[in-house]
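Asks: here you go, sequence then predicted model.
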Amino acid sequence: MITATILKDAERVVRVTMAIILLTAGTSKFFSHGGFHDYYLGLFQGDLRIKLPPGLVSAYLQLIPYIEVTLGLALLSNTYKRYTIYGWFAFMLSLMVGHYVLQEWSAVNDMLSYIFLGLLGLVLPNHRSWLRRDPNSS
């Protein structure tokens, strides 16, 4: 039988993984010197079935690194875990929609892994503190 402590340990691993994904992605975008923004803005201006306003795309592309770093840091808080994971879902769904608009079907499918990672973070119980393990409650 899986004990509550082991499930809480698993939740820590999931949430740290989510935080590292977001912090790495956001930081790399900050250090791309506009390369991320310019590359994707160009893709959204291509021959696509769905046309989004360039101003809207540009604004969102500029916000993405801030969203990633903010969510990544917030995932390290037990107090706001539920809200942050809902933020994770909203952000990942927005990226999924973006890949759909770009007609990148394999990337759309790959985004499902991130949704499932968020589901694990949502349903698994967490320790009260990052610095200690709660006693086994089963």
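Replies: Received, thanks.

Asks: I'd like to know how far the spatially most central residue of the chain sits from Ala19.
Replies: Geometric centre of the chain, nearest residue: Trp88, 4.6 Å, by CA atoms, centre = their mean. Distance from Trp88 to Ala19, counting by CB to CB, to the nearest Å: 10 Å. Quick note: C-beta positions are derived from backbone N, CA and C, even for glycine.

Asks: what sits in contact with each of the two?
Replies: The contact sets of Trp88 and Ala19 overlap at Leu75 (CB atoms under 8 Å, 6 or more residues apart in numbering).

Asks: what's the pLDDT at Ser138?
Replies: pLDDT, Ser138: 47.

Asks: any stretches of this structure with poor pLDDT?
Replies: Applying pLDDT under 70 to the chain flags the ranges 1, 131, 135-138.

Asks: what residues sit buried inside the top helix by length along the chain?
Replies: Across the chain, the helix with the greatest residue count (assigned by DSSP state H) is helix 4-30. Buried residues in helix 4-30, defined by neighbour count with 16 or more other CB atoms under 10 Å: 5, 8-11, 14-15, 18-19, 21-23, 25-26, 29.

Asks: please apply the same query to stretch 96-106.
Replies: 96, 98-99, 101-102.

Asks: and if you look at stretch 39-57?
Replies: Quick answer for stretch 39-57 (16+ other CB under 10 Å): 40-41, 44, 57.

Asks: still on that earlier bit, by contact count, what packs against the longest helix of the chain?
Replies: helix 54-74, helix 81-101, helix 105-123 (3 or more CB pairs under 8 Å, 6 or more residues apart in numbering; DSSP states H and E).
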